[in-house]
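Any chance you can model this:
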Amino acid sequence: MSDSQRWFFLIFVLVSGFLIYLLQPILSPFLIAALLAYLADPMADKLELKGLSRTLAVVVVFLVMTTVMLLLVVWLLPKLGHQIQVMIKLVPAVFTMAQTVWIPWLETNTGVSLTGFDLESIKLLMTGHWQQTGGLVKDLFSSVSQSGMALAAWVANIVLIPVVMFYLLRDWDLMMERIGHLLPRNIEQKVKLWAQECDEVLGAFIKGQLLVMLALGIIYSLGLWSVGLDLALLVGMLAGLASIVPYMGFIVGIVAAAVAAMLQFNDLTMLAWVGAVFAVGQALEGMVLTPLLVGDRIGLHPVAVIFAIMAGGQLFGFVGILIALPVAAVIMVLLRHLHQGYKSSKLYDC
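Residues are numbered from 1 along each chain as shown. I've put the predicted structure just below:
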């Protein structure tokens with residue numbers, strides 16, 4: 001790569017970052033649509049290989065995804081909302097159980113005195129925050145409903161996402177080909193190689209790990225529902241989301257489910273059933289889900305994912321969260337090649 005090309009790409013990156021910073025209020029629907037198109041492109045390609053035209057393949061994929069999302073919204077959100085309300089009502093009971101059962105048990109078995117631990121203040125603080133959060137949500141919806149422009153913008157973004165996704169998905173392969181033709185000829189092959197590696201990294205995480213998280217959320221939810229837990233859906237989905245970090249979903253889920261089970265049933269035998277549900281989930285993850293959906297592809301490290309999402313949110317807000325993983329994948333690939341270059345340089349082996 002020549003010096004002029006290096007300067008060009010550096011200026012391009014800086015200008016792109018500046019434009020993202022300026023345009024972040026309007027970029028969210030476009031980035032969400034691009035992410036959905038990226039996820040759906042392999043399905044459309046498979047339908048094309050079976051003889052369908054690109055447009056017809058996109059229509060089929062689009063209809064399937066839209067139907068699934070609508071069903072999730074209609075069925076899932078009301079149930080989650082109800083279970084969140086139930087959980088909020090259980091918060092005082094959790095503190096009461098901790099004060100009357102858990103702390104005395106710890107003091108008896110460990111000899112550590114927790115008399116100075118002020119649970120009542122924490123209870124009042126959390127209860128106040130829950131009430132404040134509810135008030136903020138109420139005020140937010142009130143302001144949105146009173147502001148015609150805000151409501152119109154919100155509806156426009158919801159409508160814009162599927163429209164942009166449809167056109168991006170239809171022209172995805174064509175856009176990738178045109179971008180390849182714009183690359184300088186002397187670095188085209190190397191950039192294409194890096195792009196393929198970035199796609200593998202993102203594919204291993206987004207198309208693999210996120211599917212594992214979704215599958216675990218469903219498994220945990222169904223398992224907890226089968227043992228009669230009222231908060232099965234909420235706890236199961238929370239455990240699935242926390243599975244972005246290995247074993248974190250298991251720890252968060254089993255602790256939350258155990259507390260919820262004790263509050264609901266007050267029966268120690270229910271803890272065995274909860275443990276069995278999460279043991280089955282862990283076994284399925286290790287022996288079936290991860291080998292099948294992720295395989296031996298190298299994705300993003302969980303710590304890198306967490307840092308990228310937090311850094312993106314800090315720098316660019318919600319838009320930064322959306323672009324965090326693609327940017328992290330590019331940086332990971334570049335660091336891998338930089339590491340290889342360093343190992344073969346005189347700096348490493350004099």
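
show me where pLDDT drops low in the stretch 51-200 of the chain?
95, 98-99, 101-103, 105, 107, 111-154 (pLDDT under 70).

hey, where'd the helices end up in it?
54-97, 103-110, 119-146, 148-170, 172-182, 188-202 (DSSP state H, counting those that start in this stretch).

What is the one helix or strand residue 259 maps to packed up against?
According to DSSP states H and E, residue 259 maps onto helix 248-265. Contacts defined by 3 or more C-beta pairs under 8 Å, 6 or more residues apart in numbering; DSSP states H and E place helix 248-265 against helix 54-97, helix 210-226, helix 232-242, helix 269-284. Every C-beta, even on glycine, is put in place using the N, C-alpha and C of the backbone.

Could you give the separation of the last one from the chain centroid?
Relative to the chain's own centre, helix 269-284 is displaced by 24 Å; criterion: C-alpha atoms, centre = their mean, to the nearest Å.

Whatever helix or strand comes next after it to helix 188-202, inter-axis angle?
Per DSSP H and E, the first helix or strand lying C-terminal to helix 269-284 is helix 302-343. Counting by axes from the mean of the first three to the mean of the last three C-alpha atoms, to 10 degrees, helix 302-343 lies at 150 degrees to helix 188-202.

Which strands and helices lie in contact with the longest helix along the chain?
Using DSSP state H, we find that the single longest helix of the chain is helix 3-49. In terms of contacts (3+ C-beta pairs under 8 Å, 6+ apart), helix 3-49 is packed against helix 54-97, helix 148-170, helix 172-182, helix 302-343.

what's the average pLDDT for it?
Summarised as a single mean, pLDDT over helix 3-49 is 86.

now that helix: how far from the chain's centre is it?
19 Å.

for stretch 41-55, same thing?
27 Å.

Residue 215: what's it in contact with?
Applying C-beta atoms under 8 Å, 6 or more residues apart in numbering to residue 215 gives the contacts 240, 284, 289, 293.

What subset of these is buried?
Neighbour-count burial (16 or more other C-beta atoms under 10 Å) applied to the contacts of residue 215 gives 240, 289, 293.

pretty sure the first one contacts residue 210?
I take that to be residue 240. No: applying C-beta atoms under 8 Å as the test, residue 240 and residue 210 come out as separate, 9.8 Å apart.

May I see the buried residues of stretch 205-218?
Buried residues in stretch 205-218 (16+ other C-beta under 10 Å): 205, 206, 207, 208, 209, 210, 212, 213, 214, 215, 216, 217.

now those as JSON lines including pLDDT and distance to residue 261?
Listed next are the buried residues of stretch 205-218 as JSON lines, based on pLDDT from 0 to 100; distance: C-beta to C-beta, whole Å:
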{"residue": "205", "pLDDT": "75", "distance to residue 261": "32"}
{"residue": "206", "pLDDT": "76", "distance to residue 261": "33"}
{"residue": "207", "pLDDT": "75", "distance to residue 261": "34"}
{"residue": "208", "pLDDT": "78", "distance to residue 261": "31"}
{"residue": "209", "pLDDT": "77", "distance to residue 261": "28"}
{"residue": "210", "pLDDT": "80", "distance to residue 261": "28"}
{"residue": "212", "pLDDT": "85", "distance to residue 261": "25"}
{"residue": "213", "pLDDT": "87", "distance to residue 261": "23"}
{"residue": "214", "pLDDT": "87", "distance to residue 261": "24"}
{"residue": "215", "pLDDT": "90", "distance to residue 261": "23"}
{"residue": "216", "pLDDT": "91", "distance to residue 261": "19"}
{"residue": "217", "pLDDT": "90", "distance to residue 261": "18"}
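
how close does the closest residue to residue 237 other than its chain neighbours sit to residue 238?
Nearest-residue entry for residue 237: residue 217, 4.6 Å, with adjacent residues in sequence omitted and distances by C-beta to C-beta, 6 or more residues apart in numbering. To residue 238, residue 217 is 8 Å away according to C-beta to C-beta, to the nearest Å.
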